[in-house]
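Peer 1: Okay, here's the prediction I keep looking at, along with the sequence it came from:
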Amino acid sequence: MEFSINQIAMMLGGEVIGDGNEKIKMLAKIQDAKKGQIAFLSNPKYEQYIYTTQATAVIVKRDFAARREINATLVLVDDPYISFTRLLEEYHKLISFQKSGIEQPSFMADTASTGKNIYRGAFSYIGGHARVGDNVKIYPHVYIGDNVVIGNNTIIHPGVKIYSDSKIGNNCVLHSGAVIGSDGFGFAPQEDGSYKTIPQLGSVTLEDNVAIGANTVIDCATLFGDSTTIREGVKLDNLIQIAHNVEVGKNTVIAAQTGISGSTKIGENCMFAGQVGIAGHITIANNTHLGAQSGVSKSIKEEGLRLMGYPAIEFGSYFKSYAVFKKLPDINHRLKELEAKIQATQNGPLSPG
Amino acid sequence: MEFSINQIAMMLGGEVIGDGNEKIKMLAKIQDAKKGQIAFLSNPKYEQYIYTTQATAVIVKRDFAARREINATLVLVDDPYISFTRLLEEYHKLISFQKSGIEQPSFMADTASTGKNIYRGAFSYIGGHARVGDNVKIYPHVYIGDNVVIGNNTIIHPGVKIYSDSKIGNNCVLHSGAVIGSDGFGFAPQEDGSYKTIPQLGSVTLEDNVAIGANTVIDCATLFGDSTTIREGVKLDNLIQIAHNVEVGKNTVIAAQTGISGSTKIGENCMFAGQVGIAGHITIANNTHLGAQSGVSKSIKEEGLRLMGYPAIEFGSYFKSYAVFKKLPDINHRLKELEAKIQATQNGPLSPG
Amino acid sequence: MEFSINQIAMMLGGEVIGDGNEKIKMLAKIQDAKKGQIAFLSNPKYEQYIYTTQATAVIVKRDFAARREINATLVLVDDPYISFTRLLEEYHKLISFQKSGIEQPSFMADTASTGKNIYRGAFSYIGGHARVGDNVKIYPHVYIGDNVVIGNNTIIHPGVKIYSDSKIGNNCVLHSGAVIGSDGFGFAPQEDGSYKTIPQLGSVTLEDNVAIGANTVIDCATLFGDSTTIREGVKLDNLIQIAHNVEVGKNTVIAAQTGISGSTKIGENCMFAGQVGIAGHITIANNTHLGAQSGVSKSIKEEGLRLMGYPAIEFGSYFKSYAVFKKLPDINHRLKELEAKIQATQNGPLSPG
């Protein structure tokens, strides 16, 4: 990437104060930026750095009033943070879309098909009857099983494994080590105490704009025609477990190491922190927020609750109870003292002098 | 798969009511099934669907008494759920056993050997002196280290990594991203505060009929001749951590994201829910049931307990205590009030006027 | 490995009692050892075995006083455990360093470079401009992205994925399925309830002597020039999540399935047990010890604390409170009784008749 500041300002709908012809090669933080780089100032507590930064340009708010002299060229915008994010995104596209072509050796079944402008890394595998859309990046060591369908502009990082019959939408990103479509954990107990595996014959569907973190696992549904379903815009962090037949609603965001048990249905726009556990066969209402390490064992029917603990209760209640939990030994002691006093009081007048 | 209903009934030891010559191509749920498919009715609350289903055949209990007309051919059996599971299993075998032969490029050391009817996917790797049994499916990107031994009929899904010297039994299933035999977490503290790695030279043994979930990790034992051991019939879900020198007893079932620390011995027929943590160097008795997110730090010697919490206590006790936990701020408040009252009572008669 | 006992004693600075010319081929535990093997006795509770062991040699403390006859040759040292560890280590080096050369097919970009005495397993991938040091072992299915730098003597086990621009030090060990440099979990909420991905353009740095467990994930930093940093000597167990911009201090040791949220800074010489969760944007002081499953939501400023629970409190306090937690239903009951008694007492004298 090399753009003039004027070009960048045009892209952001911003106004230039200073020399707009200077060239920018990179983005950086305001405190670290060097010549040829562009930074941004959004949080006022970083204002000091704008007077000393080596950055060639800084993106600032339109109403920014400098208190001292600034060497950098300024680009005035409505929201510097959003503008900077847009630049990052453009830069990232340039980088990630530069990969294309087919590295060898790689494997693609005769019956599989791919769209235009594909990257297929070395040692990637595309199984029989798989259909891959346009502009898809398939990094090395990716496995795409038989009959898998993948939309356009999706990026599949090194070593992702997609079992047969899975469906992946457009604009998805799957990070290394993610496993899509492994067998759900279904075992029928036998009379001798052993378990018989119940074959899992459903599939997994990721709708559009879904992000799947590294080493996250999504099991397939149990029966034909059923699908573990991750709705549009869902973002899953790393090392998450999504069991068979789960549905995760639109735009829900889940942090690392959370686990959702089989056949549970998560609503839209939920936010779960890390290491949360959710039981099977329940329903979680839209806009539910769950604190880190909380556990949910029953359906949550009211929308918009903020819960934590196990079983999860309302945020404030949890912390108030926990504050008392820390004093429990003292409470126990005080209770015993009271009991003794009452006993003494009651014995006192009644006991023979 | 395409069978007549009569053939299916014969396989299940069932009785046909209706046209047994119709052909079945697929299995489906009773509420979704279409022509050419077979469904089952086990749970009475789904009975309504049997009167409207498009399924060509439905498996029902021998004593099922229809209240209205049914279009589907019925197959009467003792236990419809078990029968349906058997069909699923047969179907699954047909699918999974259709993979065979050797895709290229793949790697097998000269000194390695494989049995008959093997599938070796592209980019699979078999190291020196490894011995693989009959009917084994080795999917793409599987790594089998030096000296590994694998029994018959085992299925190793894409990207499984098996370190050298591991032993895998017959009829095992290992899901994508599972790691067998990584180094246990052994570090000797040095005087300068740093740690020296203690080399781990033992191995891992999976006995017959073991299932290992996606991205689950089983560390090798520390010393020569020792083995982290997963006994016959054990089922491990996804993203589980089994540390060095652990033994998991026969037919124990463990849900996702649970972790078992080094040198702990788990009994037979235990059931652990998800995200459970178990300390090192302890013993868990047979038939122990642990609730989700519970933590066990001491040996459990009595068989058949149902525990939860951390440290884990009896199920009912945990929930009873937790019910009071939620009221702790109120309890604290009431206790203070009582103290004040008692104080007042005691001061009252004694205090001047 | 085949050494005489005299050679081993020389290596350990030990003294031989018995026939020092006998040959040792292997290391084993004292209770299992066979002829040709060497064991050690450190813990007195294993003393019984020294009188019956089949080991050809046993390493014992210099002041060990035998109570009965011993068949094995003894090697007297200051610390038998440390000596045995050294032997294990030497043995391990012999084994792990025997892999060398380049297996085919493997992939290395023209612009990449490797040092001397390299092992590159089949199906390993080295991207553009990557630089790999001397004596590095790159096992099969390893992915090394563009511009990655790897120091000397580092071992990268099968299937590790290292995203572009990561830096790995000398003498590191990365276990199977580890992912280095995946995108941090950064999403900007949009007005319509959806999230826009914030591209992550930083990198990951592992300093020297770092160990990374199987299927552990380390996300890259968000901005150019920033780096998620794992300092010298850090040991991470399996299935750990390290989010973007985290720093883990020198010689800190973290057990399996722990998760650390974005931008948090962990001190030096900390020890975290398994399944711990740590919030984002906080600081943990040096020498902090966290118990299993504990959760930390605020910075810990005092060094050397031992904490557990969520939010984590001092070890002893947690267990004392938990002891009372188990009795909460009883406490609740006693409190009610007291209230009734006080009520009766107060009503008593006042109530008519």
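Peer 2: That came through, no problem.

Peer 1: Just the buried residues of the lengthiest helix in chain A, please?
Peer 2: In chain A, with assignment by DSSP state H, the single longest helix is helix A:328-350. Neighbour-count burial for helix A:328-350 flags A:Leu328, A:Pro329, A:Ile331, A:Asn332, A:Arg334, A:Leu335, A:Leu338, A:Lys341, A:Ile342, A:Thr345 (criterion: 16 or more other Cβ atoms under 10 Å in any protein chain shown). C-betas here are computed from N, CA, C, even on glycine.

Peer 1: Can you list the low-confidence ranges for the stretch 1-150 of chain A?
Peer 2: A:1, A:92-97 (pLDDT under 70).

Peer 1: for chain C, what are the nearby residues on it?
Peer 2: A:26-29, A:32, A:37, A:82, A:85, A:88-89, A:91-92, A:103, A:105, A:121-123, A:139-141 (Cβ under 8 Å from any Cβ of the partner chain).

Peer 1: again with the stretch 251-353 of chain A
Peer 2: Residues of the stretch 251-353 of chain A lying near chain C (Cβ under 8 Å from any Cβ): A:251, A:253, A:255-257, A:268-269, A:274-275, A:292-293, A:322, A:325-329, A:331-332, A:335, A:338-339, A:342, A:345-346.

Peer 1: rewinding a little: quick check, the longest helix of chain A touching chain B?
Peer 2: Yes: legend: contact between helix A:328-350 and chain B by Cβ under 8 Å from any Cβ is shown at A:Leu328, A:Ile331, A:Arg334, A:Leu335, A:Leu338, A:Lys341, A:Ile342, A:Thr345.

Peer 1: so what's the residue of the stretch 101-250 of chain A found nearest chain B up against?
Peer 2: Distance from chain B to each residue of the stretch 101-250 of chain A (Cβ to the nearest Cβ) is smallest for A:Pro199, at 3.3 Å. Applying Cβ atoms under 8 Å, 6 or more residues apart in numbering or on different chains to A:Pro199 gives the contacts A:Asp183, B:Leu88, B:Glu89, B:Tyr91, B:His92.

Peer 1: From those, pick the one nearest chain C.
Peer 2: Nearest member of the contacts of A:Pro199 to chain C, counting by Cβ to the nearest Cβ, is A:Asp183, at 18.1 Å.

Peer 1: Contacts only, for the nearest residue to the closest one once chain neighbours are set aside.
Peer 2: In space, A:Asp183 comes closest to A:Gln200 once its chain neighbours are excluded; the distance is 4.3 Å by Cβ to Cβ, 6 or more residues apart in numbering or on different chains. For A:Gln200, the contact set (Cβ under 8 Å, 6+ apart) comprises A:Asp183, A:Gly184, A:Gly186, A:Asp219, A:Cys220, A:Ala221, A:Thr222, A:His244.

Peer 1: Kindly recompute the last result at 6 Å.
Peer 2: For A:Gln200, the contacting residues are A:Asp183, A:Gly184, A:Cys220, A:Thr222, by Cβ atoms under 6 Å, 6 or more residues apart in numbering or on different chains.

Peer 1: next one: A:Thr264
Peer 2: Residues near A:Thr264 by Cβ under 6 Å, 6+ apart: A:Val246, A:Ile278, A:Gly280, A:Ile282.

Peer 1: Thought A:Thr258 was touching the second one, still the case?
Peer 2: When you say that, I think you mean A:Ile278. No: A:Ile278 lies out of contact with A:Thr258 (Cβ atoms under 6 Å); the separation is 7.6 Å.

Peer 1: Now do the shared contacts for those two.
Peer 2: By Cβ under 6 Å, 6+ apart, A:Ile278 and A:Thr258 have no common neighbours.

Peer 1: List the buried residues of stretch A:41-61.
Peer 2: A:Leu41, A:Tyr49, A:Ile50, A:Thr53, A:Gln54, A:Ala55, A:Thr56, A:Ala57, A:Val58, A:Ile59, A:Val60, A:Lys61.

Peer 1: Now the two most distant members of the residues you listed.
Peer 2: Maximum pairwise distance among these (Cβ to Cβ): 21.2 Å, between A:Gln54 and A:Lys61.

Peer 1: Quick check: residues of chain A near chain B?
Peer 2: Counting by Cβ under 6 Å from any Cβ of the partner chain, chain A comes close to chain B at A:105, A:107, A:123, A:125, A:141, A:143, A:161, A:177, A:179, A:182, A:185, A:187-188, A:193-195, A:198-199, A:215, A:217, A:223-225, A:241, A:259, A:277, A:295, A:310, A:313, A:320-321, A:324, A:338, A:341.

Peer 1: Mind checking which of those residues land in helices?
Peer 2: Short answer: the residues of chain A next to chain B in helices (DSSP H) are A:Lys320, A:Ser321, A:Val324, A:Leu338, A:Lys341.

Peer 1: Quick check: the closest residue to the first one other than its chain neighbours vs C:Pro311, distance?
Peer 2: On the basis of Cβ to Cβ, 6+ apart, the spatially nearest residue to A:Lys320 that is not a chain neighbour turns out to be B:Pro329, at 4.6 Å. According to Cβ to Cβ, to the nearest Å, B:Pro329 and C:Pro311 sit 16 Å apart.

Peer 1: Then A:Lys196?
Peer 2: 44 Å.

Peer 1: go on, A:Asp110?
Peer 2: A:Asp110 is 58 Å from C:Pro311, by Cβ to Cβ.

Peer 1: Give me the more crowded residue out of those two.
Peer 2: C:Pro311 (16 against 7; other Cβ atoms under 10 Å in any protein chain shown).

Peer 1: Name all residues that make contact with that one.
Peer 2: With Cβ under 6 Å, 6+ apart, C:Pro311 has these contacts: C:Ser297.

Peer 1: For stretch A:212-229, C-alpha coordinates in PDB please.
Peer 2: Taking Å, rounded to 0.1, in the frame of the first residue of the first chain, the C-alpha atoms of stretch A:212-229 are listed here in PDB:
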ATOM      1  CA  ILE A 212     -14.900 -19.000  13.500                       C
ATOM      2  CA  GLY A 213     -11.900 -18.800  15.800                       C
ATOM      3  CA  ALA A 214      -8.900 -21.000  15.900                       C
ATOM      4  CA  ASN A 215      -9.400 -24.600  17.100                       C
ATOM      5  CA  THR A 216     -13.100 -24.000  17.600                       C
ATOM      6  CA  VAL A 217     -15.300 -27.100  17.000                       C
ATOM      7  CA  ILE A 218     -18.800 -27.300  15.600                       C
ATOM      8  CA  ASP A 219     -20.400 -30.700  15.600                       C
ATOM      9  CA  CYS A 220     -22.800 -31.800  12.900                       C
ATOM     10  CA  ALA A 221     -26.500 -32.500  13.600                       C
ATOM     11  CA  THR A 222     -27.700 -36.000  14.300                       C
ATOM     12  CA  LEU A 223     -30.300 -36.700  11.600                       C
ATOM     13  CA  PHE A 224     -30.500 -36.300   7.800                       C
ATOM     14  CA  GLY A 225     -31.800 -32.900   6.800                       C
ATOM     15  CA  ASP A 226     -30.900 -31.400  10.200                       C
ATOM     16  CA  SER A 227     -28.100 -28.900  10.600                       C
ATOM     17  CA  THR A 228     -26.200 -27.300  13.400                       C
ATOM     18  CA  THR A 229     -26.700 -23.700  12.300                       C
END
